[in-house]
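Participant: Predicted coordinates and the sequence they were generated for:
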Amino acid sequence: MNKTVGKIDKTSLKFNQGCIVVITGLAFLLNTNWLVVFVGVILLIDTIIPGTGLFKLLYKNFVKPFKLLKPNISEESKAPHQFAQGLGGTFLLISFVLLQYLGFIFIGWGISFIVIAFAFVNLTLDFCAGCFIYFQLEKLKLSMGSSIAENKNA
């Protein structure tokens, strides 16, 4: 993933998170597993090919031109957000498999609720749990790398 700093529309991220919360919540209320995989696939497509996910396209082509929400441009790395989105999409696919094919209803919906909770926290409190995990993994990689280098020099 690209670690360079670039322009990010935070409102687009918020719209994405709102869609995750609403559609995955509806999936639970309506007991429709296909909505879980639908959201998961959208997130993974947009992670692999940024800007091509349905929620981002709805924002770009409908919400933004009709000024339904105001853009909020920020300069930061896109990598943590892509990682968080990929993590959410992966969790939703795992949830779908547990629900649809393995019959683990409680665990499957539990994983979906984790994604809903993380998206809701980011939407309302501006704390991205997936980004936090990304940065912790980066720190761990750096600290492990420096420990290995130190051991070689000893």
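Facilitator: Perfect, thanks for sending it.

Participant: so what does the helix or strand where residue 86 lies touch, helix or strand wise?
Facilitator: Assigned by DSSP states H and E, residue 86 belongs to helix 79-100. Where contact means 3 or more C-beta pairs under 8 Å, 6 or more residues apart in numbering; DSSP states H and E, helix 79-100 is packed against helix 10-30, helix 33-48, helix 105-125, helix 129-153. Just so you know, the C-beta spots here come from the backbone N, C-alpha and C atoms, and that holds for glycine as well.

Participant: Okay, now the unreliable bits of this protein?
Facilitator: 1-3, 143-154 (pLDDT under 70).

Participant: which of the helices and strands packed on helix 79-100 is buried the deepest?
Facilitator: Ranked by mean neighbour count, those are led by helix 33-48 with a mean of 20 (mean count of other C-beta atoms under 10 Å).

Participant: do you know how far residue 115 is from residue 19?
Facilitator: Noted for residue 115: a distance of 12 Å to residue 19, by C-beta to C-beta, to the nearest Å.

Participant: one step back: how far does the helix holding residue 86 sit from the chain's center?
Facilitator: Its chain's average C-alpha position is 7 Å from that of helix 79-100, according to C-alpha atoms, centre = their mean, to the nearest Å.

Participant: now swap in stretch 110-118 and tell me
Facilitator: The answer for stretch 110-118 is 11 Å, by C-alpha atoms, centre = their mean.

Participant: Please put the alpha-carbon coordinates of it into PDB.
Facilitator: Backbone C-alpha positions of stretch 110-118 (Å, rounded to 0.1, in the frame of the first residue of the first chain) are rendered in PDB as follows:
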ATOM      1  CA  GLY A 110     -20.600 -11.100  16.400                       C
ATOM      2  CA  ILE A 111     -17.900 -10.500  13.900                       C
ATOM      3  CA  SER A 112     -20.300  -8.300  11.800                       C
ATOM      4  CA  PHE A 113     -21.100  -6.300  15.000                       C
ATOM      5  CA  ILE A 114     -17.300  -5.700  15.500                       C
ATOM      6  CA  VAL A 115     -17.200  -4.200  12.000                       C
ATOM      7  CA  ILE A 116     -20.400  -2.100  12.700                       C
ATOM      8  CA  ALA A 117     -18.900  -1.000  16.100                       C
ATOM      9  CA  PHE A 118     -15.600   0.100  14.600                       C
END
